[in-house]
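A.B. asks: Mind looking at a prediction? Sequence and model below.
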Amino acid sequence: MARLFGTDGIRGIANEELTPTLAMQLGQAGAYVLTKEKQYKPTIMVGCDTRISGDMLANALMAGACSVGANCVYVGVIPTPAVAYLTQKYRVDAGVVISASHNPVEFNGIKFFDGDGYKLPDALEDEIEEMLQGGMQGIQFPIGPGVGKIKYRTDAREEYINHSIRAVPVNLSGLKIVVDCAEGASFYTSVEALKELGGNVVAIHNNPDGTNINSSCGSTHPEELQARVVYEKADVGLAFDGDADRLQAVDENGKVVDGDQIMAIVGNYMKAHGKLKKDTIVATVMSNLGFFLMGKKNGITIEQTKVGDRYVLERMKEIGASLGGEQSGHIIFLDENTTGDGLLSALHLLQVMTESGKSLSELTKVMEVLPQALVNARVADYRKDKYMEYPVIVEAIRELEAKFAGEGRVLVRPSGTEPLVRVMIEGKDQQIIQEEAQKLASLIQDVMF
């Protein structure tokens, strides 16, 4: 059986792979594993994004948690980083987010946070899986007053907005900002926070109806935002994903500014102000080669991890770093929150713009983005980790590595959340690397399908 948990919780098509029954069982197993050492009735906070399946899965999960004696606090539609922060603030025992992040509406997911707001380590996820596979052996199901109950809170999102504003109290007066909310969880929090700080905010894709989340919008589809920034003559565009834990920006000319560039801009600002702990940024192997060259030039150490913000976070905690993230826009400011936070990322970027007096396009000159091609090969999910078991694929990768040696790099890896093997090539010529990445991805797909 393939591992249930990926790099960002559990994902699947709602009501087909991720069923209410599975959600209920995860509520039971998760509540038991995360709170079994408690000598009192534990409390779990639950939030979701705007997907139509969110209520179905959230209520099933909470029913499961209550059935093993845990109480639940349901905070409704709210960004993932808000649940991470509020889990700590309210001192509950665990947090759960029902979301599939940037994926289409038919997908949904479940991710757990411990009582300190951190995503679970592999060992705890494995323990939850073992409970599921073992038929919930050892779980006690209370009766009478031992059964848990659910409390509903509608003020939680305001608490998160207030925290974000306190963390980065930037004055946005005079800035025109276009915000793409991806029809997702940031539709209220991001717009209100930016307005409260004085920004002239133009909001798009901020009318979620349960079915339009991430549909040709948000951080994975910034095309409309790019055009709107230019049309509005805005200073900057901000694109969130469905659960608002990632950010992509757009400069005043309509050019996308990705997570690597945002970390470069903010990291240098933090270093200059003595806030970049150990003068180090933690990134993944997928970061652009230009990002690493930027670090070397500016006296910033770039630590590398496997892909996945959970691995970035683990390394940040190990070495005491304050900034880390991914090219995709998952950026962690560990002094302020325990997970990727799109709103905090936006406020930090805007702070550099306002205090430096420079446009975003000027600020991006801190690093040169080298040509990069990323192509996905669709394979069966249970086989995606086995691509190196095929000699023809191994040989093709070896030949490409030899071809680009000294002038770029080749990276092949399985996706942590989707049935894909990702092929990434960096080099000097965009057309050549795109063609080579496409050829290798096609080979992997043909051989493994």
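C.D. replies: All right, it came through fine. It should be emphasised that the depicted structure is a prediction, and the values quoted were computed from it without experimental measurement. Numbers count the residues shown, from 1 in each chain.
A.B. asks: residue contacts, the residue lying closest to Ile262 once chain neighbours are set aside?
C.D. replies: Nearest residue to Ile262, sequence neighbours excluded (Cβ to Cβ, 6 or more residues apart in numbering): Leu349, at 5.6 Å. No exception for glycine: its C-beta is placed from N, CA and C like everyone else's. Counting by Cβ atoms under 8 Å, 6 or more residues apart in numbering, Leu349 touches Val236, Leu247, Ala249, Ile262, Ile265, Val266, Leu360.
A.B. asks: ok, which pair from these is furthest apart?
C.D. replies: Val236 and Val266 (13.6 Å; Cβ to Cβ).
A.B. asks: mind showing which ranges of the chain have poor pLDDT?
C.D. replies: Counting by pLDDT under 70, the chain has low-confidence residues at 1-2.
A.B. asks: Identify each buried residue in stretch 375-393, please.
C.D. replies: Of the residues in stretch 375-393, Val375, Asn376, Ala377, Arg378, Val379, Asp381, Arg383, Lys384, Tyr387, Ile393 count as buried by neighbour count, 16 or more other Cβ atoms under 10 Å.
A.B. asks: just the helices in this structure please.
C.D. replies: Using DSSP state H, the helices of the chain run over 20-35, 54-67, 80-89, 122-133, 156-167, 186-196, 223-232, 259-272, 289-298, 309-319, 342-356, 360-363, 391-404, 430-448.
A.B. asks: Looking at these, which one is packed in the most?
C.D. replies: Counting by mean count of other Cβ atoms under 10 Å, helix 80-89 has the highest mean neighbour count of these, with a mean of 26.
A.B. asks: per the record, what domains does this protein have?
C.D. replies: Annotated domains of the chain cover 10-154, 168-366, 372-448 [automatic domain parsing].
A.B. asks: among the ones you listed, which is nearest Leu4?
C.D. replies: Shortest distance between Leu4 and those, using Cβ to Cβ, is found for domain 10-154: 5.1 Å.
A.B. asks: what about that closest one, how long is it end to end?
C.D. replies: 26 Å (Cα to Cα, to the nearest Å).
A.B. asks: same check, this time on stretch 214-227
C.D. replies: End-to-end distance for stretch 214-227, by Cα to Cα: 17 Å.
A.B. asks: what's next to it, contact-wise?
C.D. replies: Contacts of stretch 214-227 (Cβ under 8 Å, 6+ apart): 102-105, 178, 180-184, 204-205, 237, 239-242, 246-248, 250, 254-256, 328-329, 342.
A.B. asks: hmm, try it at 7 Å
C.D. replies: 102-104, 178, 180, 182-184, 204-205, 237, 239-242, 246-248, 250, 254, 256, 329 (Cβ atoms under 7 Å, 6 or more residues apart in numbering).
A.B. asks: Quick check: ChimeraX command selecting the buried ones in those residues.
C.D. replies: Here is the ChimeraX selection string for the buried members of these, based on 16+ other Cβ under 10 Å:
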select :102,103,178,180,182,183,184,204,205,237,239,240,241,242,246,247,248,250,254,256,329
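A.B. asks: Find the nearest non-adjacent residue to Thr154, please.
C.D. replies: Gly76 (7.0 Å).
A.B. asks: And Tyr269, by the same measure?
C.D. replies: Val352 is the one closest to Tyr269 (Cβ to Cβ, 6+ apart), at 4.6 Å.
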